[in-house]
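In: What follows is a predicted protein model with its sequence.
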Amino acid sequence: MAKGSNYRVKLRRRRAGKTDYQARKSLVISGKPRLVTRASIRNVTVQVLIAKPVGDIVLAAANSRELVKNYGWKAPTGNVPAAYLTGYLCGLKAKEKGVAEAILDIGLVAPTKGSKTFAVLSGVLEAGVNVPHSGEKIVKERTRGEHIAKYGKTMAPGSEEYNAKFSKYTAQGTAPEKITDHMNKVKADITSAFKAPKPAAEAPPKAEAPKKVAKAVKEKAVSKEEKKAPAKEAKEPSKEKPAKEKAPAKSKASAKKKAPKEKPAKKGEQKA
């Protein structure tokens, strides 16, 4: 409802509680990549973005579901240790892409101490990406899952309360009391996957210098002409017919002169 003549309706995404435009403007103006963390009850998503005129471009991204598919995570994908591992995975991916520094973008989420957001931040920092932060918000015990293990030990295994609280753990065959060991094992698998040497791609053939290429083309052309030349020379004599020799033309004067006729010999005279 309007409260006065100077009242202005807030932007749609600000009204929906999705975007703080003032904070976003300051982050974009910095020119540095943004570390965006978004956590729900079941999953955690982490992205490293950079702002461009066409929109945000994703440099690296990771989701907690990748832990189950690729690294054998056997616990819920929405808890704090899963958030830490997802941030660690995204940090390694960003490091591979050459990202050395980023700024944390939590959106409109309340910066609660020990939350999933700061568990993600802890994982990214351990991966080697520098993010300005205050260490007060990071609780190492929660990132390792020690609070889950302590809570599980307070209940009798197999009881109704235990099965109700940790049904997702027991379904995957993981005891909540050993979540710290399991988290360390998955972290080691992620680290080894990024340290393993990747098969080198075949290097494309180097382009020859322009002069060498031109010289090679000329040599090929000359060799082709030399091959064709003998064939033409062999064919040319067969096509040409020898010219007929013409008899010497008789002159008109010689043609007019006639040979003298022989007179018949008289009786008693012998022919000469």
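Out: Perfect, thanks for sending it. Residues are numbered from 1 along each chain as shown.
In: Tell me which stretches of this structure form helices.
Out: 12-15, 21-30, 65-71, 80-96, 116-127, 140-143, 146-153, 160-165, 167-171, 179-195, 210-239, 252-256 (DSSP state H).
In: can you list those helices in TSV and add mean neighbour count?
Out: C-beta here means a position set from N, CA and C on the backbone, and glycine is covered the same way. What follows is those, written out as TSV (neighbours: other Cβ atoms under 10 Å):
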stretch	mean neighbour count
helix 12-15	12
helix 21-30	12
helix 65-71	16
helix 80-96	26
helix 116-127	25
helix 140-143	18
helix 146-153	16
helix 160-165	12
helix 167-171	15
helix 179-195	16
helix 210-239	9
helix 252-256	7
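In: excluding its backbone neighbours, what's nearest Glu161?
Out: Ranked by Cβ to Cβ, 6 or more residues apart in numbering and with sequence neighbours excluded, the top spatial neighbour of Glu161 is Met155, at 5.6 Å.
In: Sorry, slip of the keys, the one I care about is Arg34.
Out: Arg34 sits nearest to Asp105 (Cβ to Cβ, 6+ apart), 4.3 Å away.
In: what pairs with the one you found across the strands?
Out: Counting by DSSP bridges, Asp105 is bridged to Val36.
In: Surely it touches Lys32?
Out: No. Using Cβ atoms under 8 Å, Asp105 is not in contact with Lys32, being 10.5 Å away.
In: so what's Ala164 scoring on pLDDT?
Out: pLDDT recorded at Ala164 is 92.
In: Next one: it from Ala156, what distance?
Out: Noted for Ala164: a distance of 13 Å to Ala156, by Cβ to Cβ, to the nearest Å.
In: what's the one residue sitting closest to the centre of the chain in contact with, if anything?
Out: Nearest to the mean C-alpha position of the chain, by Cα atoms, centre = their mean, lies Lys97 at 10.3 Å. By Cβ atoms under 8 Å, 6 or more residues apart in numbering, Lys97 lies in contact with 48, 59-60.
In: Tell me the predicted confidence for it.
Out: We have a pLDDT of 95 for Lys97.
In: and the gap between the nearest residue to His182 once chain neighbours are set aside and Ile148?
Out: Of all residues not flanking His182 in the chain, Thr174 sits nearest, at 5.8 Å (Cβ to Cβ, 6+ apart). For Thr174, the distance to Ile148 equals 11 Å [Cβ to Cβ].
In: With Ala193 instead?
Out: Taking Cβ to Cβ as the measure, Ala193 falls 25 Å from Ile148.
In: If any of the contacts of Lys97 are buried, put those into a PyMOL selection.
Out: Burial among those is assessed by 16 or more other Cβ atoms under 10 Å; the matching PyMOL selection reads:
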select buried, resi 48+59+60
